[in-house]
Every structure is written in C-alpha cells, then in structure tokens.
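1. Below: sequence and its predicted model.
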Amino acid sequence: MLYPVFLDIRARKCVVVGGGEIAARKAEALLEAGAAVTVISPEICPDLEEYAAAGRIFCIRAPYREDALDGAFIAVAATDDMSVNTRVNRDCRARNVIVNVVDVPELCDFHVPSIIRSGDITVAIGTGGKSPALSRHLRLMLQDKIGPEYGQLLDILGSLRDTVKEQVPGQKRRHALWLKLIDSGILDELRAGRAQSAEQMAKQIVEQEISQA
C-alpha cells in the first residue's frame, strides 16, 4: 500500500525525460503545481516547443544524461525506450531523487493519481498503478458531485477561519460550527449563483455563535 501525500514542488527542479505528448502532459501538470521544469530529449513535440519558446520550461535538446538530474527533486521518465527509462530509474535511486517511470509501476517511487479540482480542493484517486482506467472511471463518476460551489464554499470557510479560531472557544465547539456551516444551506445558495447571499449567511452563523460564547 502506498502512502498518500501532497507535495509542495513550487520552484523545485523537476525533470521530465522524453519529448512526446505524454512527456508534455507530465510537464504541464508539474508547471501547474509551480515546479521549475527541465525537459531533456533530442526532439520535442509542439506543446513542449511552445512551453520552451515561452520560457516556461528549460529544455535540453539532447539524449538523456545523468547530469540532467543535478539538483532535481522529482524526475519523470516518459520515453518510449525502456532502456532509457530504466537508466533514469537507476540514476534517480542512486541520487535519492524520487522517480516515476510512466506505465511501469515497479520502477516508480510514486504514482500520479487521477485528479478532481474545485478551487483549492483537490481530490486524488489512485489504484497503486494497477489500473489507470479505473482511476479515470472513478474520477468521471465523482467529478459531477464536486462542483465549483465546493471551491467557493472553501473560500468562504477559509475567510472565516481566523475569526472562528480567535473568538469561538473550544475545539469541539469550533468543529461543530464548521459542520453547521457546511450543512447550513450555503452550498444551495452557491449552486444558485447567489455568492453574496452565501457569504452573508456564513457570517451570520458565525456571529451568532460568537454572541453565545
């Protein structure tokens, strides 16, 4: 069983070995998380060309070599040459760089889950590398249930966090208040497009709780 974790890779060097469409998708996901992405490949696909031209990635147009891993935190091997992917795995293990070899679970230190996002909410679905197809199926099944209103609700709750922490005494009482906010009908207001009403409702619930402190 794998240990599920969210990594902060902002400004960390992450290396993608390979220049095809799969490598481009891996690079894009790393960029979205704020990584400093290096791609090494003799040839790169149009999407990677676009990222390189825009200065979004550092591109080494050469066959894989070990020194591309200098200073790396994460590496992804996404070539169609298994001998290269195996070398990447071996070099990363020697350097304590965590590595993912696409579609080869036994050579991976981590697996990339299927993702559902709603604002700052991230739901990750993994199968331990056994069935990416099942991960995708579960993502499609769940994504309609976690709409944009949940991301909006999170923003409202986050804006009230300091006030609740400072003015509502006791962990049990604060926990009960958060559950009350979540179940209060705020989500219905957000689904109906009444964001201002939802925010006001949340503030009133918190103010009422504070007045009873």
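-> Ah, there it is. Residues are numbered from 1 along each chain as shown.

2. What segments of this protein are helices?
-> 21-32, 46-53, 82-95, 132-143, 148-167, 171-182, 186-191, 195-211 (DSSP state H).

3. Now do the second one: distance to the chain's middle.
-> Between the mean C-alpha location of helix 46-53 and the chain-wide mean there is a distance of 22 Å, by CA atoms, centre = their mean, to the nearest Å.

4. which other residues reach that helix?
-> Residues outside helix 46-53 that contact it (CB atoms under 8 Å, 6 or more residues apart in numbering) are 19, 21, 23-24, 27-28, 31, 37, 39, 41, 44, 57-59. Where you see a C-beta, it was placed from the backbone N, CA and C, and this is true even at glycine.

5. Report the buried residues of stretch 98-116.
-> 98-102, 107-114, 116 (16 or more other CB atoms under 10 Å).

6. Quick check: beta-bridge partners of the spatially closest residue to Asp109 that is not a sequence neighbour?
-> Excluding the flanking residues, the one nearest Asp109 by CB to CB, 6 or more residues apart in numbering is Ile98, at 4.3 Å. Beta-bridge pairing for Ile98 (DSSP bridges): Ile74.

7. Extract the residue ranges of the protein that are flagged as low pLDDT.
-> Residues of the chain meeting the criterion pLDDT under 70: 213.

8. quick one, domains of it?
-> 13-112, 113-146, 148-211 (automatic domain parsing).

9. Would you reformat those domains as JSON lines and include distance to Phe6?
-> JSON lines is the format used below for the domains of the chain (distance: least, CB to CB, whole Å):
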{"stretch": "domain 13-112", "distance to Phe6": "9"}
{"stretch": "domain 113-146", "distance to Phe6": "7"}
{"stretch": "domain 148-211", "distance to Phe6": "15"}
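
10. what does stretch 9-23 contact?
-> 26-27, 30, 33-45, 47-48, 64, 68-69, 71-80, 84-85, 88, 97, 102.

11. again, only using 7 Å
-> Residues outside stretch 9-23 that contact it (CB atoms under 7 Å, 6 or more residues apart in numbering) are 26-27, 30, 33-41, 43-45, 48, 64, 68-69, 71-79, 84, 88, 102.

12. Take the residues you listed and keep only those in strands.
-> Ala36, Val37, Thr38, Val39, Ile40, Ile74, Ala75, Val76, Ala77 (DSSP state E).

13. Provide a list of residues in contact with the last one.
-> What it means is Ala77. Ala77 neighbours (CB under 7 Å, 6+ apart): Val17, Gly18, Asn85, Val88, Asn89, Val99, Val101, Val102.
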